[in-house]
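J.: based on what follows, work out the 3D shape:
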Amino acid sequence: MRRFAKIVDRVVVGSSHVAYNPFPMDRGFYVPKDVPVEQVTPEGTDLDIRIYEKNGQLFGVAFAGRANKPLWNYRFRDRAQLDREIAEAVESRKSHMDYRKQRQQERQQFKHSFQVGDILYSSWGYDQTNIDFYQVTAVGDRSIKIREIGQKTARQETGADYVVAVPNSFQGAEMVKMVRPGDSVRISSYASAYKWDGKPKYQTAFGYGH
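T.: Have a look, this model is predicted:
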């Protein structure tokens, strides 16, 4: 594994070649063991900054949250340059943490509008479009239970089917899904489902996809 040179204000940090380690590295890996280390934890952030000098050169390593991989690992010309880098990291991290806090509050305050009997659709596929329909069978404060239901073709065009759901034509097992803002649920890593408006949905006709 090669740790490449970094550049800060046109100053090359330096590079080194280290042996492959199959085990995760802790933060101490990035700081020499034989030098005094100043640890800085700026108030209002989850930053952990390690500062040290080696061979007359000033270095800084910054970590955030629980990550052991550094945000940056630089050599600096002087303390002023290091302080500027720290100030930028503090501002950026505070903005990031404020955003995450706001998103968490939005998730906690979000109330979905699903009711038993509502129908959802999922449009997915690579080089072709597939439609699946689901029906809500139970609702909770932040989650719903759904089951897949069948569909029928409302009209056809060359290479295209326009399909609608067939309510109560249940297929497969019941699934519990957390509702996301916007009244959507994730069906899989490649598909999400949304409230169906009752209008036919386009999908690739049989024989036209891959």
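J.: show me how the record splits this structure into domains.
T.: Per the record, the chain has its domains at 2-109, 119-204, by automatic domain parsing.
J.: quick one: which of those has the weakest pLDDT on average?
T.: Among these, domain 2-109 carries the lowest mean pLDDT, at a mean of 82.
J.: most tightly surrounded among the domains of the chain?
T.: domain 119-204 (a mean of 15; mean count of other C-beta atoms under 10 Å). Bear in mind the C-beta positions are built from the backbone N, C-alpha and C, glycine included.
J.: what is the end-to-end distance of it?
T.: This stretch, domain 119-204, spans 21 Å end to end (C-alpha to C-alpha, to the nearest Å).
J.: identify the residue spatially nearest to Gly44, adjacent ones excluded.
T.: In space, Gly44 comes closest to Lys94 once its chain neighbours are excluded; the distance is 6.0 Å by C-beta to C-beta, 6 or more residues apart in numbering.
J.: and the next helix or strand past the top strand by length along the chain?
T.: In the chain, taking DSSP state E as the definition, the longest strand is strand 160-178. For strand 160-178, the succeeding helix or strand toward the C-terminus, using DSSP states H and E, is strand 184-188.
J.: just checking, what packs against that next one?
T.: Packing contacts for strand 184-188, counted by 3 or more C-beta pairs under 8 Å, 6 or more residues apart in numbering; DSSP states H and E, involve strand 119-124, strand 160-178, strand 191-195.
J.: can you tell me the strand partners of the longest one and which way each runs?
T.: Read that as strand 160-178. Strand pairing for strand 160-178, using DSSP bridges, gives strand 143-157 (antiparallel), strand 201-204 (antiparallel).
J.: centre of the chain to the first one, how far?
T.: The chain centroid and the centroid of strand 143-157 are separated by 29 Å, computed with C-alpha atoms, centre = their mean, to the nearest Å.
J.: now do it and strand 119-124, the angle between them.
T.: Calculated by axes from the mean of the first three to the mean of the last three C-alpha atoms, to 10 degrees, strand 143-157 forms an angle of 70 degrees with strand 119-124.
J.: picking that back up, angle of the one helix or strand the residue nearest to Gly44 maps to against strand 160-178?
T.: Using DSSP H and E, Lys94 sits within helix 79-109. Angle of helix 79-109 versus strand 160-178, following the same axes, to 10 degrees, is 100 degrees.
J.: for Pro200, give me its contacts.
T.: Residues near Pro200 by C-beta atoms under 8 Å, 6 or more residues apart in numbering: 154-155, 162-164.
J.: name the nearest residue to it, sequence neighbours excluded.
T.: Tyr162 (3.6 Å).
J.: I'd guessed that neighbour sits against Thr153; true?
T.: Yes. Judged on C-beta atoms under 8 Å, Tyr162 makes contact with Thr153 at a distance of 6.9 Å.
J.: circling back to that earlier point, out of the strands paired with strand 160-178, nearest to Ala191?
T.: Among these, the nearest to Ala191 by C-beta to C-beta is strand 143-157 (11.7 Å).
J.: CA atoms only for the closest one, dumped as PDB, please.
T.: Written as PDB, here are the backbone C-alpha positions of strand 143-157 (Å, rounded to 0.1, in the frame of the first residue of the first chain):
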ATOM      1  CA  SER A 143     -43.100   2.300   9.000                       C
ATOM      2  CA  ILE A 144     -45.700   0.400   6.900                       C
ATOM      3  CA  LYS A 145     -46.300  -3.200   6.000                       C
ATOM      4  CA  ILE A 146     -46.700  -3.900   2.300                       C
ATOM      5  CA  ARG A 147     -47.300  -6.900   0.000                       C
ATOM      6  CA  GLU A 148     -46.600  -7.100  -3.700                       C
ATOM      7  CA  ILE A 149     -49.800  -7.200  -5.900                       C
ATOM      8  CA  GLY A 150     -50.500  -8.100  -9.500                       C
ATOM      9  CA  GLN A 151     -50.900  -5.800 -12.500                       C
ATOM     10  CA  LYS A 152     -52.700  -5.700 -15.800                       C
ATOM     11  CA  THR A 153     -52.100  -3.900 -19.100                       C
ATOM     12  CA  ALA A 154     -54.300  -0.900 -19.600                       C
ATOM     13  CA  ARG A 155     -53.000  -0.200 -23.100                       C
ATOM     14  CA  GLN A 156     -50.100  -1.000 -25.400                       C
ATOM     15  CA  GLU A 157     -47.900   0.800 -27.900                       C
END
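J.: thanks a lot, see you next time.
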